[in-house]
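Undergrad: predicted model and sequence below, questions to follow.
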Amino acid sequence: MTSLSDSDTTGAVVSALRAAGCVFAEDEAELILTTARTPDELAAMVARRAAGQPLEHVLGWAEFHGLRILVEPGVFVPRRRTEFLVDQALAQAPGAAVVVDLCCGSGAVGAALAAALGDAELHAADIDPAAVTCARRNIAPYGGHAHTGDLFDALPAALRGRTGILAANVPYVPSGEVGLLPAEAREHEPLVALDGGGDGLDVLRRVAAGAREWLAPGGCVLVETSEHQTEDAVRAFRRAGLTTRVAVSEELYANVVIGVRD
């Protein structure tokens, strides 16, 4: 590989990715070719992708809700379906002054909300220090604050009763099903961002139980689940005293449970 633009190089990249089993080899090749700065970097990126690393880790970024989100190795990759959670949050609380991105991973959800809201106070938190480091970079343009810790324990006490949007992209894969995930997720993303416990709802229940005291009157908490988990998730929200509904996007295969503090 001597040039980053000639047809032979492009063909070689596509062939290497296709041989590695990349379904969208042409699209991925274009992204890699436009991101790599030197032939050596291009070769290294193709090798990493062919070895099974997530495309976003190879590129160093992911597109999310119109933003380019930095994604570092070992950090959960934001899913496009989670854009639906962002849209639902903005529809529910378009004037939110305080936003909390819990289980923030790269901070993609918080960054997207802050970008749309304009001048909201933004806080992001995760139990994984690597995620917090990554999130801090992504939310810095919005004056965001990143915190390390277990769910609400990570947050400044001054946020109690003030949060307009509490977005919690919790892990919701049942422990027994983690091994069925694609190798990209299983081998390159942190288990704590995937494993939701026995039925996948352990973290969700903890978020539901603690959310109300952090929400402002009229504030909302939003989580993503799978379709078959929504009924149990709704029960957990209602037990916590939240007015609850479910939003579904069939196009994105997204299910979002929304709880409101009346």
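TA: Arrived safely.

Undergrad: any low-confidence regions in this protein?
TA: 1-5 (pLDDT under 70).

Undergrad: could you pull out the strands for it?
TA: Along the chain, the stretches classed as strands by DSSP state E are 61-64, 67-70, 98-102, 121-126, 145-148, 163-168, 215-225, 243-249, 254-260.

Undergrad: got CSV for these, with mean neighbour count and distance to R81 too?
TA: Where you see a C-beta, it was placed from the backbone N, CA and C, and this is true even at glycine. CSV is the format used below for those (neighbours: other CB atoms under 10 Å; distance: least, CB to CB, whole Å):
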stretch, mean neighbour count, distance to R81
strand 61-64, 19, 11
strand 67-70, 18, 15
strand 98-102, 28, 16
strand 121-126, 26, 19
strand 145-148, 20, 24
strand 163-168, 27, 14
strand 215-225, 22, 7
strand 243-249, 15, 7
strand 254-260, 24, 4
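
Undergrad: need these in a markdown table (columns: distance to A47).
TA: Formatted as a markdown table, these follow (distance: least, CB to CB, whole Å):
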| stretch | distance to A47 |
| --- | --- |
| strand 61-64 | 19 |
| strand 67-70 | 21 |
| strand 98-102 | 33 |
| strand 121-126 | 30 |
| strand 145-148 | 32 |
| strand 163-168 | 36 |
| strand 215-225 | 33 |
| strand 243-249 | 36 |
| strand 254-260 | 33 |
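
Undergrad: to E41, which of these lies closest?
TA: Nearest to E41 among those is strand 61-64 (14.5 Å), distances taken as CB to CB.

Undergrad: paired strands for that closest one, with orientation please.
TA: strand 67-70 (antiparallel) (DSSP bridges).

Undergrad: specify the stretch among the strands of the chain that is closest to A111.
TA: Between the strands of the chain, strand 67-70 lies closest to A111; by CB to CB that is 5.9 Å.

Undergrad: outside of the closest one itself, list whatever touches it.
TA: By CB atoms under 8 Å, 6 or more residues apart in numbering, the surrounding residues in contact with strand 67-70 are 60-63, 78, 106-108, 111-112, 115, 134, 137-138.

Undergrad: what does stretch 158-169 give?
TA: 82, 85-86, 89, 92-93, 95-105, 109-110, 113, 120, 123, 204, 207, 211, 213-216, 218-224.

Undergrad: ok, now stretch 13-33?
TA: Against stretch 13-33 from outside (CB under 8 Å, 6+ apart): 1, 4-5, 9-10, 42, 45-46, 49-52, 55, 58-59.

Undergrad: most surrounded residue in those?
TA: R49 (25 neighbours; other CB atoms under 10 Å).

Undergrad: contact partners for that residue?
TA: L17, A20, C22, E28, I32, L55, V58.

Undergrad: need these in TSV (columns: distance to G176).
TA: Listed next are the contacts of R49 as TSV, based on distance: CB to CB, whole Å:
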residue	distance to G176
L17	32
A20	29
C22	28
E28	31
I32	35
L55	27
V58	30
